[in-house]
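Generate coordinates for the sequence data below:
(chains A and B)
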Number of protein chains: 2
Amino acid sequence: MNYPNKIQKTTHISTEHINYSNRGMDLEQLINETNEYYVEKNIALIYKKPTPIGISEAVYTEHGRIIKNGYFKAPSTLDYNGVYKGKYIEFEAKETQNTTSFPLANFHEHQLAYIPKVIEHGGICFVLIKMNHKVYLLPGTDLVEFIKTNTRKSIPFSYIEEKGWEILEKYNPALDYLKVVDVIYFKGETL
Amino acid sequence: MNYPNKIQKTTHISTEHINYSNRGMDLEQLINETNEYYVEKNIALIYKKPTPIGISEAVYTEHGRIIKNGYFKAPSTLDYNGVYKGKYIEFEAKETQNTTSFPLANFHEHQLAYIPKVIEHGGICFVLIKMNHKVYLLPGTDLVEFIKTNTRKSIPFSYIEEKGWEILEKYNPALDYLKVVDVIYFKGETL
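Numbering: from 1, shown residues only, chains lettered A, B, ... in the order given. Below is the predicted model:
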């Protein structure tokens, strides 16, 4: 911490921080930070659901009930949900290393059946997909449409580019997906 | 199972079934059954959130990742959430054996701070309280109002009777709380 030129170094760090701070953060981290920002700024209440687990063995200790044998269950709903401007919002986040298409096997079967139901009940539903170093919001309706009209087991990247909305990573919030939600679902009324 | 008068007995069982089938079911079971009914009948998508856990030890086996040491975290949001007619809905369920008042210590402190936020964001928020063998829906606004204007650490039963909406237990769904939600939050527009 003993820099020859402390001010310059600090400036340098600060620049890095603004431009590249999210580099290396995975999609889940970006979303969690963004959701914390939304809660802090009182913009929305959106949380990651706890992973559902099954407990086969638990013991009682002086610290309360402790799980001694537990397993992870496959989720049948999506990862994140909450409230934004009175509306229900639910979405899933997925990353793929594939460059040409997004494999639908990234979803559990129940999740794919669940997405049209959320839409039917008037909820805002989408997927955030990180692919080719970019993050896209793909509306649930476009995902459902693709599955209905295709027998392919993966979505071509060109479809995601065409139907999806790119969300640029920035400093704070890291991934301001509600800006896009405003445009798509609130007709930009708050922009 | 060898009844002298089978038909009469069956009739008797059937009557019991209609009137008292929920006897012995705790509040959580009543709500879970009701939520399953709502999903099946395509009325709403409302689920109990998985209990948040912390994992201090996990191992990988041929069956996947297994928790060897886990503990329960205190939830900071409410137990149930979902979508109903496009609106966000979130609520907590609480039972007490007390007959004269409902202790606020039944809530975690974070939960009490969270309820006014859900309301502020336009979500439908309430508590289902089982007390004196009856179930009441107490709107979040009335809970918040009580806490604001009282220094008492428990809500008198008379307040719950006055501000709450009793939900009669019945056969199917066991606890049709959305009927009351319609009246309170949708001005009975679907009744």
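
can you list the residues of chain A near chain B?
Applying the criterion C-beta under 8 Å from any C-beta of the partner chain, the portion of chain A that neighbours chain B consists of A:42, A:44-45, A:47, A:49-53, A:63-72, A:77, A:81-90, A:117-118, A:120-123. (Each C-beta comes from the backbone N, C-alpha and C, glycine too.)

from those residues, which would you call buried?
Neighbour-count burial within those applies to A:44-45, A:47, A:49, A:52-53, A:67, A:70, A:72, A:77, A:81-85, A:87-90, A:117-118, A:121, A:123; the criterion is 16 or more other C-beta atoms under 10 Å in any protein chain shown.

sorry, back to before: restricted to strands, list the residues of chain A next to chain B.
A:45, A:47, A:53, A:64-72, A:81-84, A:87-90 (DSSP state E).

which stretches of chain A form helices?
In order along the chain, chain A carries the following helices (DSSP state H): A:6-20, A:27-40, A:109-120, A:140-149, A:157-163, A:177-185.

could the ones you listed go into a markdown table alongside mean pLDDT?
Rendered in a markdown table, the data for those read as follows (pLDDT from 0 to 100):
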| stretch | mean pLDDT |
| --- | --- |
| helix A:6-20 | 35 |
| helix A:27-40 | 96 |
| helix A:109-120 | 95 |
| helix A:140-149 | 96 |
| helix A:157-163 | 97 |
| helix A:177-185 | 95 |
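
is it possible to export these to a markdown table including distance to B:Leu30?
Putting the helices of chain A into a markdown table (distance: least, C-beta to C-beta, whole Å) gives the following:
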| stretch | distance to B:Leu30 |
| --- | --- |
| helix A:6-20 | 52 |
| helix A:27-40 | 31 |
| helix A:109-120 | 23 |
| helix A:140-149 | 31 |
| helix A:157-163 | 42 |
| helix A:177-185 | 34 |
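
Of all those helices, which one is nearest B:Glu28?
Checking these against B:Glu28 by C-beta to C-beta gives helix A:109-120 as the closest, at 22.4 Å.

From the contact counts, what lies against the closest one?
Helices and strands touching helix A:109-120, as assessed by 3 or more C-beta pairs under 8 Å, 6 or more residues apart in numbering or on different chains; DSSP states H and E, comprise strand A:87-95, strand A:124-131, helix A:140-149.

contact partners of it?
Residues from elsewhere that reach helix A:109-120, judged by C-beta atoms under 8 Å, 6 or more residues apart in numbering or on different chains: A:74-78, A:88, A:90, A:92, A:104, A:125, A:140-141, A:143-144, A:147, B:42, B:45, B:83.

repeat for stretch A:166-174
Everything outside stretch A:166-174 that qualifies as a contact, by C-beta under 8 Å, 6+ apart, is A:17-18, A:21-22, A:25, A:29-30, A:33-34, A:37-38, A:128, A:134-137, A:175-177, A:179-180.
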